[in-house]
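1. How does the following fold in three dimensions:
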Amino acid sequence: MSIGAHLVELRKRLMIAAAGLILGMVVAFIVTDPVIAWITEPIRVITERRGDDFSALNFANVTSAFDLRMRIAFSIGIFLSAPVWLWQIWAFIMPGLTRKEIRYTVSFVAAAVPLFFIGCWVGMLIVPHVIELMWGFTPEGGVNFYNASDYYDFVFKLMIVIGVAFVLPVFLVALNVAGVMSGRAILKGWRVAIIIATVFAALATPAADVVSMLMLAGILIVLFFAAAGVSMLFDRRKARRAVAAGLPGSTA
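-> Modelled structure (predicted):
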């Protein structure tokens, strides 16, 4: 295909992806009420514990409530329309890939997507503990009015960050498959990996919430060792194939 044909194809793919996103946003906008109720559950728990109305979600101006719903609709719309725009990306780049590259790409996506959503789910499990813990530092007689936009940013960013962290081990396996790092090299960095996982967990959760920090760090460390183990299995398979093919320098 010529450059012009590629650009026309890209425009077509982008328009289909945009249409999918808009449709996803429309559907997501309808369910914003249960989503808001879900993410604000910790606030209601705090209010019930105190027996007053000193903890609430605050909308600072006339359009704040609508803006919040639109941001939620956009975020959920991206996830709902993921099959559409992921397929458009795949359909655009697939003609230029070999069979081996296609197989590796499908495997990568099949592993990365579930891990990302599992990470987001873990983030949602951590959020209530973080909010309740931070509320505990409110002095007697203090009032907690959570700005709706800031509150949503906190919940959403924490989910995304933890979701991405869960996908990082897949990138390690991808580097191994590409021949950049061996499984032994990945495993040798286990001390650094534990330190990084612990520091990340400490930054993603409040310093006083030790349980959430240890839970998140433990999951990340397990994922790291799983990535190292899978990489070592791949290396062993490559070595066996090299021996079977009689390649120079190969060992059994």
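2. got any ranges where this structure has weak pLDDT?
-> Scanning the chain for pLDDT under 70 picks out 1-2, 49-55, 96-97, 101, 206-209, 245-252.
3. For it, just list every one of the strands.
-> 55-58, 144-147 (DSSP state E).
4. For the last one, give me every contacting residue.
-> Applying Cβ atoms under 8 Å, 6 or more residues apart in numbering, the external contacts of strand 144-147 come out as 43, 46, 54-58, 60, 135, 138. All C-beta spots, glycine's among them, are computed from the backbone N, C-alpha and C.
5. Can you say which of those are buried?
-> Buried subset of the contacts of strand 144-147 (neighbour count, 16 or more other Cβ atoms under 10 Å): 43, 46, 55-57, 135.
6. Specify which member of the residues you listed is nearest to residue 212.
-> When the buried ones among the contacts of strand 144-147 are ranked by distance to residue 212 (Cβ to Cβ), residue 135 comes first, at 14.6 Å.
7. how deep is the closest residue to residue 184 other than its chain neighbours tucked in, by neighbour count?
-> Closest residue in space to residue 184, ignoring its immediate chain neighbours: residue 232 at 6.8 Å, by Cβ to Cβ, 6 or more residues apart in numbering. Residues lying near residue 232 (other Cβ atoms under 10 Å) number 16.
8. is it possible to export the buried ones among the contacts of strand 144-147 to CSV including distance to residue 84?
-> Listed next are these as CSV, based on distance: Cβ to Cβ, whole Å:
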residue, distance to residue 84
43, 34
46, 39
55, 39
56, 37
57, 32
135, 40
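9. Can you name the two of these that sit furthest apart?
-> Counting by Cβ to Cβ, the most remote pair of the buried ones among the contacts of strand 144-147 is 57 and 135, 13.3 Å apart.
10. ok, now how distant is residue 44 from residue 146?
-> As for residue 44, its distance to residue 146 is 12 Å (criterion: Cβ to Cβ, to the nearest Å).
11. Which one of those two is surrounded by more residues?
-> More neighbours surround residue 146 than the other of residue 44 and residue 146, with 19 against 13 (other Cβ under 10 Å).
12. Show me the beta-bridge partners of that one.
-> Assessed by DSSP bridges, residue 146 has beta-bridge partners residue 57.
13. Quick one: residues contacting the residue nearest to residue 184.
-> Residue 232 touches 183-184, 187, counting by Cβ under 8 Å, 6+ apart.
14. do residue 88 as well
-> 13-14, 16-17, 20.
15. Output the residues you listed in TSV; the columns should cover distance to residue 167 and neighbour count.
-> Formatted as TSV, those follow (distance: Cβ to Cβ, whole Å; neighbours: other Cβ atoms under 10 Å):
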residue	distance to residue 167	neighbour count
13	23	18
14	24	14
16	25	15
17	21	18
20	22	21
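16. Among those residues, which one sits closest to residue 196?
-> For the contacts of residue 88, the nearest to residue 196 is residue 17 (33.9 Å; Cβ to Cβ).
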